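K.L.:
with the input below, show me the fold.
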Amino acid sequence: MKSARWHGVKDIRVEDVTEPTAGPGEVKVKVAWTGICGSDLHEYLAGPIFIPVGTDHPLSHDQAPITMGHEFSGTVTDLGEGVSGLAKGDRVAIEPIFACGTCPACLEGKYNLCDTLGFVGLSGGHGGFAAYSVVPARMVHKIPDSLSMEQGALVEPAAVALHAVRLSKIKAGDTAAVFGAGPIGLLVVEALRVAGAGQIHVVEPSEVRRQKALDLGATSALDPSACDVVDTIRKATGGVNVAFEVTGVPKVLPQCIDSTRHEGQTLIVSIWEGDAAFQPNTVVLKERQLQGTIAYRNVYPAVMELMTQGYFSADKLVTKRIAIDDIVAQGFEALVADKSQVKILVEAPD
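P.N.:
As a prediction, this is how the structure comes out:
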């Protein structure tokens, strides 16, 4: 079957691999749609970050080259021995987290903080940029009948956003800033609306993405090349309660911190390719908080319930649909060159 595999920086190849089969406790899925994630783009441009090279990942037991793709939906085609609660033909979204189940974080139920955390399609396993995937049954969530397969492919990134907002200290009526209006930033805007944020100020250089943010309910969308965004946000709010860093750009982190009020909080959502610096006194003298967030836990059902209410809409977020043969030129390279793109979905091969 066709599969898009990471071999190295700027080296993703569409090639034939053996179709996987479901073992005990596993589910085989005919993939429908898979989104290209910012994490995928980081691996393409500057990896390896999550991708194991030279040594097997301790949970997936794989190393590069690996089939990419972790934001995907599909239809169950086969059940391994011992799998219950699922049936062939079920439409599902995949929660692609590898977790050991035995480290202190896992034992507390915080499996996204596992000591050996990994992701299907990044750390190995059968990623979604392929015709079929096989995953542990625990990673499979049934998609409500009212949601499309495209919506199913958006559950994973929406879960990142909803988890970040849940982890924050935002309260109904509070003010927020979102630095970066890529797919996750835009989903954070929607999650903040769900949480009842009173004002949501977005910072984003792309005009198309700024308009998307406004369409999704942002109070303002600021161009960092046209104004002092920190000053503008502080004049509008006196400093926001919570700022979300969703760019991975080093110079943006201190702007996020400076945009918050005293005792304000900065949520770092991005995956980083390198170091970032800030003056610690900006945190110390105002008793501000910095909080990291990775992936999600126990949130897929809530995401899909919100989707049935109209949140996290594929119609508003998906800007391009492509075939797997075009994944590099029209997918990864398009995201590098064209910042008007938001979410690109890859249709699975037959």
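K.L.:
tell me the mean pLDDT over the host helix or strand of Leu345?
P.N.:
Using DSSP states H and E, Leu345 maps to strand 343-347. Regarding strand 343-347, the rounded mean pLDDT is 97.
K.L.:
who are the packing partners of that strand?
P.N.:
For strand 343-347, the elements it packs on are strand 26-35, helix 149-167, strand 318-323, judged by 3 or more CB pairs under 8 Å, 6 or more residues apart in numbering; DSSP states H and E. Just so you know, the C-beta spots here come from the backbone N, C-alpha and C atoms, and that holds for glycine as well.
K.L.:
buried residues in the first one?
P.N.:
Under the neighbour-count criterion of 16 or more other CB atoms under 10 Å, strand 26-35 has Glu26, Val27, Lys28, Val29, Val31, Ala32, Trp33, Thr34, Gly35 buried.
K.L.:
just the closest of these to Ser225, please.
P.N.:
Using CB to CB, Gly35 comes nearest to Ser225 of the buried residues of strand 26-35, at 28.1 Å.
K.L.:
just checking, the closest one touches Ala158?
P.N.:
No. Between Gly35 and Ala158 there is no contact under CB atoms under 8 Å: 10.4 Å.
K.L.:
contacting residues around the closest residue to Glu150 other than its chain neighbours?
P.N.:
What sits nearest to Glu150 in space, not counting adjacent residues and going by CB to CB, 6 or more residues apart in numbering, is Ala314, at 4.2 Å. Residues in contact with Ala314 (CB atoms under 8 Å, 6 or more residues apart in numbering) are Ser148, Glu150, Gln151, Ala153, Leu154, Lys343.
K.L.:
and for Ser148?
P.N.:
So Ser148 contacts Ala314 (CB under 8 Å, 6+ apart).
K.L.:
likewise Gln265?
P.N.:
Gln265 makes contacts with Ser168, Lys169, Asn241, Val242, Ala243, Arg288, Gln289, Leu290, Gln291, as judged by CB under 8 Å, 6+ apart.
K.L.:
ok, and the most crowded of these?
P.N.:
Among those, Ala243 has the most neighbours (other CB atoms under 10 Å), with 32 neighbours.
K.L.:
so for it, what's the pLDDT?
P.N.:
Turning to Ala243, the model gives it a pLDDT of 98.
K.L.:
with Ser39 instead?
P.N.:
At Ser39, the model reports a pLDDT of 93.
K.L.:
could you do Glu273 as well?
P.N.:
Listed pLDDT for Glu273 reads 86.
K.L.:
just confirm it is within a strand.
P.N.:
No. Membership of Glu273 in a strand is not supported by DSSP: H, G, I helix; E, B strand; the rest coil, which gives coil.
K.L.:
list phi and psi for it.
P.N.:
The phi and psi values for Glu273, taken as degrees, to the nearest 10, are phi -90, psi -20.
K.L.:
give me the number of residues near it?
P.N.:
14.
K.L.:
could you do Ala323 as well?
P.N.:
Neighbours around Ala323, by other CB under 10 Å: 14.
K.L.:
beta partners of it?
P.N.:
Assessed by DSSP bridges, Ala323 has beta-bridge partners Glu347.
K.L.:
now do the helices in the chain.
P.N.:
Assigned by DSSP state H, the helices in the chain fall at 38-46, 104-107, 149-167, 183-195, 207-215, 229-237, 252-258, 281-284, 300-308, 314-317, 333-337.
K.L.:
list the buried residues in the third one.
P.N.:
Yep, that's helix 149-167 we're talking about. Across helix 149-167, burial judged by 16+ other CB under 10 Å covers 149-167.
K.L.:
ok, stretch 210-226 next?
P.N.:
Within stretch 210-226, the residues scored as buried using 16+ other CB under 10 Å are Arg210, Lys212, Ala213, Leu214, Leu216, Ala218, Thr219, Ser220, Ala221, Leu222, Pro224.
K.L.:
give me the mean pLDDT for it.
P.N.:
Averaged across stretch 210-226, pLDDT comes to 97.
K.L.:
cool, stretch 52-70 as well?
P.N.:
Mean pLDDT, stretch 52-70: 97.
K.L.:
again, but for stretch 143-150
P.N.:
98.
K.L.:
cool, and stretch 317-328?
P.N.:
For stretch 317-328, mean pLDDT rounds to 97.
K.L.:
one more: stretch 79-87?
P.N.:
Mean per-residue pLDDT for stretch 79-87: 97.
K.L.:
can you give me the buried ones in that stretch?
P.N.:
Those buried within stretch 79-87 under the rule 16+ other CB under 10 Å are Leu79, Gly80, Val83.
K.L.:
residue closest to the middle of the protein?
P.N.:
Pro157 (3.5 Å; CA atoms, centre = their mean).
K.L.:
give me the neighbour count for Arg138.
P.N.:
15.
K.L.:
correction: the previous question concerned Asp90.
P.N.:
Using other CB under 10 Å, Asp90 has 18 other residues around it.
K.L.:
might one say that it is in contact with Val76?
P.N.:
Yes. Proximity of Asp90 to Val76 meets the contact threshold set by CB under 8 Å, at 4.4 Å.
K.L.:
joint contacts of these two?
P.N.:
Common contacts of Asp90 and Val76 (CB under 8 Å, 6+ apart): Val140.
K.L.:
OK, contacts around the residue nearest to the centre of the chain?
P.N.:
By CB under 8 Å, 6+ apart, the contact set of Pro157 is Gly35, Cys37, Glu71, Pro183, Ile184, Leu187, Lys343.
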